[in-house]
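In: Provide a 3D model corresponding to the input given below.
(one chain, ligands or ions: 1)
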Amino acid sequence: MPYAHITGTGFYLPPKVVTNDDMSKIYDTSDEWIVERSGIKERRFIEGELGPSDLAIPAVEMALEEAGITKEDVDLLVFATLSPECWFPGSGCFLQAKMGFPNIGAIDIRQQCTGFVYGLSIAEQYIKNGVFQHIVVVGAEVQSTTIDTSPEGRTVGVLFGDGAGAVVVSAKDTPGGILSTHLHAQGKYAKELCVPEPTSTRNPKVSPGGKGLHAYMNGREVFRHAATRFPEVIREAMEKHHWSNDDIDLIVPHQANLRISQKVAEIMNIPMEKFFSNIHKYGNTTAASIPICIAEAKREGKIKPGDKIILASFGSGFTWASAAIQW
Ligand code: UT7
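Out: Prediction:
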């Protein structure tokens, strides 16, 4: 049975930097409030008309180059986003066409912040079962165009940013790679963090005024569940492989809020230095956050061959997931 290794990583952030002071021109907010509550100092927003598949292109190119393969070598695309350019088809099809991939399959994942880890689990299975040789898994978001810029949008609006990350998962004989993935969902909390429209339950699909097109988040409830589910799902991955806190080289959490990572570190008694963080630069990039982190951590020398790494995420659904990787 082949092993599923991450052989290439890539990321792309649009160049436009939006600081907290910039956000305070839109909302009644402040740099002090945003930094204290979330750790975010700035985020990136697109300029002009771009979709997640556009942001994904440079990230995928970087990942292919690192993996030493070409588009023709790729057997499957898996694309995670909550901000697709269309109601349908999914962003994976747009990426496939824009990059000129062969007519390979393109699967779209709708698990929001947890989407990338869900996508990785699909790649893991196809590779380990010997079906495919190379799979590209993407997380990409354009959220700046979807935020509610009215006064009541401030809590959610200051948190999110645009960006893309990608990995190549390849079949190898060398033991290691993605050892396991652990997926969870609890749909009874679906409405606590959601974009309710457009909806197929009635016509018109959008309510007058379009408020339902913006994200609703019960921030405190989401925070409370995240603080429980992150440690739980990280431990699930550790226990599966009998890893102790000391065995772990790096935890890559979804970048939702620096305070959540600090809380998880405290609960698990793992030093904060083992938690990768870049939320201060990019805000919450949802499905893109973990692959951006992996690509940056790799380039900063924080991920080395043989390292034991846990990816973990929590978000809308509620969904939560982890992956244990021996790099
Ligand atoms: O990626 C998906 C997963 N998402 C998450 O994990 C997010 C989880 N939740 C959170 O990170 C936090 O709940 C937030 C950062 C969203 C909010 O922090 P909080 O400490 O829970 O604040 P809060 O919503 O309880 O609001 C506290 C106060 C309120 O004022 P009053 O009622 O105390 O007078 C809000 O109106 O802060 C006010 N507020 C703001 N003030 C300045 C809310 N948003 C803002 C803002 N600027 N942007």
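
In: Show me the helices in the protein, by range?
Out: Secondary structure of the chain by DSSP state H: the helices cover 20-26, 31-38, 52-67, 91-99, 115-128, 154-157, 219-240, 258-268, 279-282, 289-299.

In: can the fifth one be found next to the ligand?
Out: No. Contact of helix 115-128 with the ligand (CB under 6 Å from any ligand atom) is absent, the minimum separation being 10.9 Å. In this view, the C-beta of every residue, glycine as well, is placed from N, C-alpha and C.

In: excluding its backbone neighbours, what's nearest the residue of the stretch 1-150 of the chain found nearest the ligand?
Out: Here the stretch 1-150 of the chain gets closest to the ligand at one residue, residue 29, 3.2 Å apart by CB to the nearest ligand atom. Leaving aside its sequence neighbours, residue 29 sits nearest to residue 154 (CB to CB, 6 or more residues apart in numbering; 5.3 Å).

In: what's the spacing between that neighbour and the ligand?
Out: Distance, residue 154 to the ligand, by CB to the nearest ligand atom, to the nearest Å: 4 Å.

In: For that residue, which residues are in contact?
Out: Residue 154 sits next to 27, 28, 29 when contact means CB atoms under 8 Å, 6 or more residues apart in numbering.

In: Can you add pLDDT and neighbour count and give those back as a markdown table?
Out: Below are the contacts of residue 154 laid out as a markdown table (pLDDT from 0 to 100; neighbours: other CB atoms under 10 Å):
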| residue | pLDDT | neighbour count |
| --- | --- | --- |
| 27 | 97 | 20 |
| 28 | 97 | 8 |
| 29 | 97 | 19 |
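
In: From residue 275, how far out is residue 266?
Out: According to CB to CB, to the nearest Å, residue 266 stands 11 Å off from residue 275.

In: Tell me which of these two has more neighbours.
Out: residue 275 (20 against 12; other CB atoms under 10 Å).

In: Report pLDDT for that one.
Out: On the pLDDT scale, residue 275 is placed at 98.

In: Equivalent analysis for residue 70, please.
Out: Reported pLDDT for residue 70: 98.

In: Then residue 209?
Out: So, for residue 209, pLDDT stands at 89.

In: same deal with residue 23?
Out: For residue 23, pLDDT reads 98.

In: Contact partners for residue 147?
Out: Taking CB under 8 Å, 6+ apart, one finds 153, 156, 157, 160, 214, 215 in contact with residue 147.

In: let's see it at 10 Å
Out: For residue 147, the contact set (CB atoms under 10 Å, 6 or more residues apart in numbering) comprises 23, 26-27, 45, 153-154, 156-160, 214-215.

In: out of the helices of the chain, nearest to residue 171?
Out: Nearest to residue 171 among these is helix 115-128; the distance by CB to CB comes to 4.9 Å.

In: for that closest one, which positions count as buried?
Out: 115-124, 126-128 (16 or more other CB atoms under 10 Å).

In: what do you get for stretch 100-111?
Out: Buried residues in stretch 100-111 (16+ other CB under 10 Å): 101, 104, 106, 107, 108, 109, 111.

In: Report whether the expected contact of the last one with residue 254 is present.
Out: I take that to be residue 111. No. Taking contacts as CB atoms under 10 Å, residue 111 lies outside contact range of residue 254: 11.0 Å.

In: Spit out the residues that contact those two alike.
Out: With CB under 10 Å, 6+ apart as the test, residue 111 and residue 254 both reach 117, 287, 313, 315, 320, 321.

In: Would you mind listing what in the chain touches the ligand?
Out: Counting by CB under 6 Å from any ligand atom, the chain sits next to the ligand at 27, 29, 33, 37-38, 113, 154-155, 158, 219-220, 222-223, 226, 256-257, 260, 284, 315.

In: Show the buried residues in the residues you listed.
Out: 27, 29, 33, 37-38, 113, 154, 158, 222-223, 226, 256-257, 260, 284, 315.

In: so residue 54 touches residue 12, yeah?
Out: Yes. Between residue 54 and residue 12 there is a contact at 9.3 Å, judged by CB under 10 Å.

In: what about the two, which has more around it?
Out: residue 12 (24 against 21).

In: Now do the contacts for the more buried one.
Out: Taking CB under 10 Å, 6+ apart, one finds 44, 54-62, 140, 162-166, 288, 292, 295 in contact with residue 12.

In: Identify each buried residue in stretch 39-53, please.
Out: Buried-residue list, stretch 39-53, by 16+ other CB under 10 Å: 39, 40, 41, 42, 43, 44, 45, 46, 51, 52, 53.

In: swap that for stretch 245-259, sorry
Out: Applying 16+ other CB under 10 Å to stretch 245-259 flags 248, 249, 250, 251, 252, 253, 254, 255, 256, 257, 258, 259 as buried.

In: Return the member of those residues nearest to residue 300.
Out: Using CB to CB, these come closest to residue 300 at residue 250, 10.6 Å.

In: Nothing else from me, thank you.
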